[in-house]
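Peer 1: next one to model:
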Amino acid sequence: MGRHVRRPTAFDRMIEHKWIQGHKILQIQPHGAFTVEDFHRLAEKIDPIIREQGRIEGLLIDTRDFAGWKSFVAMISHFRFVHDHEKHIQRIAVVSDNPVLKFMPHLVCHFISAEVRPFTPGEYSEALEWLENSG
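Peer 2: Next up is the predicted model:
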């Protein structure tokens, strides 16, 4: 039997996403610089799940290919997206080898209700396990 292979869209190349454990954990991996449209498209992917389930247990953000924002407006859209969605996410794991991004969870935990924890790329499995066992 042939397998249907979904062709990646422009959004997929900017922010790849994959649901783990049904729709309990969302893994995202940005590629390149964020645009305003990236956050609109990401909201279209997760908002229906949040409406259905009430929350997402975990978010794994793999930032190894993160290249910042295309514009100041894109950065503001990112902050607005976080503000609108963070209360619906129990835990956030940030996988990064960038020293600034590894420090970010320690800073943002003061502004959001989700538990945030940094992991190195070599700790990817540990990050996923931490999210899967969020209780």
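
Peer 1: what's the first-to-last distance across stretch 27-45?
Peer 2: 12 Å (C-alpha to C-alpha, to the nearest Å).

Peer 1: which residues does that stretch contact?
Peer 2: Around stretch 27-45, the neighbours that count as contacts under C-beta atoms under 8 Å, 6 or more residues apart in numbering are 11, 13-20, 26, 59-71, 73-75, 77-78, 80-81, 84-85, 128. In short, each C-beta sits where N, CA and C put it, glycine included.

Peer 1: now do the buried residues in the helix or strand where residue 124 lies.
Peer 2: Element membership of residue 124 [criterion: DSSP states H and E] is helix 124-132. Applying a neighbour-count criterion of 16 or more other C-beta atoms under 10 Å, one finds 124, 127, 128, 130, 131 buried in helix 124-132.

Peer 1: could you redo those residues as CSV and give each row pLDDT?
Peer 2: Listed next are those as CSV, based on pLDDT from 0 to 100:
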residue, pLDDT
124, 92
127, 94
128, 92
130, 93
131, 92
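
Peer 1: the longest helix in the chain is where?
Peer 2: Once the chain is assigned using DSSP state H, the helix that runs over the most residues is helix 36-53.

Peer 1: adjacent strands (with direction) for the helix or strand following it?
Peer 2: For helix 36-53, the following helix or strand on the C-terminal side (DSSP H and E) is strand 56-62. Note on strand 56-62: by DSSP bridges, its sheet partners are strand 25-30 (parallel), strand 89-95 (parallel).

Peer 1: which of the ones you listed sits most buried?
Peer 2: Highest mean neighbour count among these (mean count of other C-beta atoms under 10 Å): strand 89-95, with a mean of 22.
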